[in-house]
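A.B. asks: one predicted model, sequence on top.
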Amino acid sequence: MPLRLVLTALFCLLALPAQAEVAASRESVLQLSPELSRPAETSATTLTFTRDPSLEVTDELPPIPTIDLTTPPDDLWQRLRNGFGMTDLHSPLVADRQAWYLNRPDLLKRVFERSRKYLHHIVAELEKRGMPTELALLPIVESSFNPLAYSRARALGMWQFIPSTGRNYNLKQNYWVDQRRDIIASTSAALDYLQNIYEMHGDWHLALASYNWGENAVARAVAKNQARGLPTDYSSLTMPGETRYYVPKLQAIKNIVAQPELFGFRLDAIPNKPYFGTVGIDADMDISLAARLAETPIEEFIALNPAYHRPVVSGANLSPLVIPVDKVDAFRRNLERHEAEDKPLSSWQTYTLKKGEKLDAVAARNGLTLAKLKQLNGITPRVKVGPGFNLLVPGKGAQAAADAVAGKLPRAMPDVPKAVRSKRGAKPPKKKMAGAKAKPAGKPRPATKGKKR
């Protein structure tokens, strides 16, 4: 073998350990910092990276809370929260109204307590229609959930309908009943109305402004901003002060209901089950008898049936009686027993006033004071009484029934009289389209503010 080949082979054998040491060093560098040791030219070289356990994140993040919509919650408030669907309004006025409500915790608690009778029904109706459930809180803004509330514009009930809008939405208003106060009928009408004005504007805040101010007024305000190249959202419109605060009030209540613990407010749970059921009647029935058959105090019975402002429920109205859900079966049993004993369902009679006859004489003849006779028949200074006027008077055995309901029945509210020109050329005042601040209907007094609907 030539000497040159022997020397070359010997040199290669001596260089192998050094090459191995360099390779090991390179692998160590790549293992610790691969992003710094990546070669500029990758050509055909293959690099293998190994994970450094010391650089791994092992702490687990807290799980994101979820809402199980397949299982109904036990608390009605949670069911309400699950259905919130309106865009939140962020405005200093919302914070202002939150502070106002939170500084009056006793008022809030009374209103929420009053809502227990009606809230489940309203939430269920909103869910059927696919509407945002925070609208169930709107009666707090409108009437403090008082079904007997009224305004100087003659707006009545939890949802504050004036006579004309009530008629537009098929709410009966007659001698026997005013469905603007009816829990079931007025809720259905209010949700119909809200759906209609939402479809008109495509925005819930504008729909709510329309509910308070009138849809035509809101449409004009939107058109005015469009003509000026200005935004047309709720906060950008020029509107009356009451309407400006209307949506912030609802948003403030929504915020408190959404997170009462954040505001240090205790929101008592409401069972997620119906508070009332209904029973149909096909004949006239005394209010006092109906309450007795339902084993329910007369005050609570009237609170559930505030549409009836006479001591007798007319069977011709075809409106069901609203009864606490746990008393429905008892009512049916007691009614069956009452009819089996051949007892009358109503002990009131209709009396027609004769020519020259005075109300005080009719009252005395029927064992009533004049004030009580007027009260039971809804006779106010606006009501014209003359020959041919029909009166309800107690028949045999009805005196006790008269005493039971006197002073407790809602007062019938006549339509606002049509405006007339007081001077030649003078224009009558514009017709209001909504109700004002709600007042209890026990002793009517004119309210101080007006709204449009």
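C.D. replies: Sure, I can see it.

A.B. asks: how about the helices in the stretch 301-450 of the chain?
C.D. replies: Shown for the stretch 301-450 of the chain, the helices assigned by DSSP state H, counting those that start in this stretch span residues 328-340, 359-365, 370-377, 399-405.

A.B. asks: pLDDT-wise, which helix or strand of this protein ranks last?
C.D. replies: Least confident helix or strand, the chain: helix 34-37 with a mean of 40, by mean pLDDT, DSSP states H and E.

A.B. asks: low-confidence regions, this protein specifically.
C.D. replies: Where the chain drops to pLDDT under 70, the residues are 1-70, 397, 414-453.

A.B. asks: just say helix, strand or coil for the spatially most central residue of the chain.
C.D. replies: The chain has Ala136 as the residue nearest its centroid, 1.8 Å off, counting by C-alpha atoms, centre = their mean. What DSSP: H, G, I helix; E, B strand; the rest coil gives for Ala136 is helix.

A.B. asks: also the one 5 residues further on?
C.D. replies: Under three-state DSSP, the three-state class of Val141 is helix.

A.B. asks: list the contacts of it.
C.D. replies: Tyr246, Lys249, Leu250, Ile253 (C-beta atoms under 8 Å, 6 or more residues apart in numbering). (Glycine included, C-beta is placed from N, CA and C.)

A.B. asks: give the contact list for the residue nearest to Leu137 when sequence neighbours are not counted.
C.D. replies: Ranked by C-beta to C-beta, 6 or more residues apart in numbering and with sequence neighbours excluded, the top spatial neighbour of Leu137 is Ile253, at 5.0 Å. Ile253 is in contact with Tyr101, Leu137, Ile140, Val141, counting by C-beta under 8 Å, 6+ apart.

A.B. asks: show me what secondary structure element comes after whichever helix or strand Ile253 is part of.
C.D. replies: For Ile253, the host element (DSSP states H and E) is helix 241-258. Downstream of helix 241-258, the next assigned helix or strand under DSSP H and E is strand 276-279.

A.B. asks: so how far is that following strand off the chain centroid?
C.D. replies: The chain centroid and the centroid of strand 276-279 are separated by 20 Å under C-alpha atoms, centre = their mean, to the nearest Å.

A.B. asks: quick one: strands adjacent to it?
C.D. replies: For strand 276-279, the pairing partners within the sheet under DSSP bridges are strand 321-324 (antiparallel).

A.B. asks: show me the contact partners of the strand it pairs with.
C.D. replies: With contacts defined as C-beta under 8 Å, 6+ apart, strand 321-324 is touched by 183-184, 275-281, 290, 294, 296, 300-301, 304-305, 313, 331.

A.B. asks: of those residues, buried ones?
C.D. replies: Listed as buried from the contacts of strand 321-324 are 183-184, 275-277, 279, 281, 290, 294, 296, 301, 304-305, 313, 331; burial here means 16 or more other C-beta atoms under 10 Å.

A.B. asks: return the member of those nearest to Ser235.
C.D. replies: Each of these was scored against Ser235 by C-beta to C-beta, and Ile183 proved nearest at 33.4 Å.

A.B. asks: is the closest one in contact with Pro147, as I believe?
C.D. replies: Yes. Counting by C-beta atoms under 8 Å, Ile183 does reach Pro147; the two are 6.3 Å apart.

A.B. asks: could you name every residue contacting both of the two?
C.D. replies: Here Ile183 and Pro147 share the contacting residues Tyr118, Met158, Pro306, scored by C-beta under 8 Å, 6+ apart.

A.B. asks: quick check: chain neighbours aside, which residue is closest to Pro320?
C.D. replies: Nearest one to Pro320, counting by C-beta to C-beta, 6+ apart, is Thr278 at 3.8 Å.

A.B. asks: what about the helices in the stretch 51-200 of the chain?
C.D. replies: Using DSSP H, counting those that start in this stretch, helices in the stretch 51-200 of the chain cover 76-82, 92-102, 105-115, 119-129, 138-143, 163-168, 183-201.

A.B. asks: kindly compare burial across the ones you listed and name the winner.
C.D. replies: Ranked by mean neighbour count under mean count of other C-beta atoms under 10 Å, the helices of the stretch 51-200 of the chain are led by helix 138-143, which reaches a mean of 24.

A.B. asks: got the helices of the stretch 51-200 of the chain as CSV, with distance to Ile323 columns?
C.D. replies: As requested, those are exported to CSV (distance: least, C-beta to C-beta, whole Å):
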stretch, distance to Ile323
helix 76-82, 20
helix 92-102, 32
helix 105-115, 18
helix 119-129, 13
helix 138-143, 21
helix 163-168, 24
helix 183-201, 12
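
A.B. asks: which one of these lies nearest to Ala400?
C.D. replies: helix 183-201 (27.3 Å).

A.B. asks: that closest one to helix 119-129, inter-axis angle?
C.D. replies: On the basis of axes from the mean of the first three to the mean of the last three C-alpha atoms, to 10 degrees, helix 183-201 is oriented at 40 degrees to helix 119-129.
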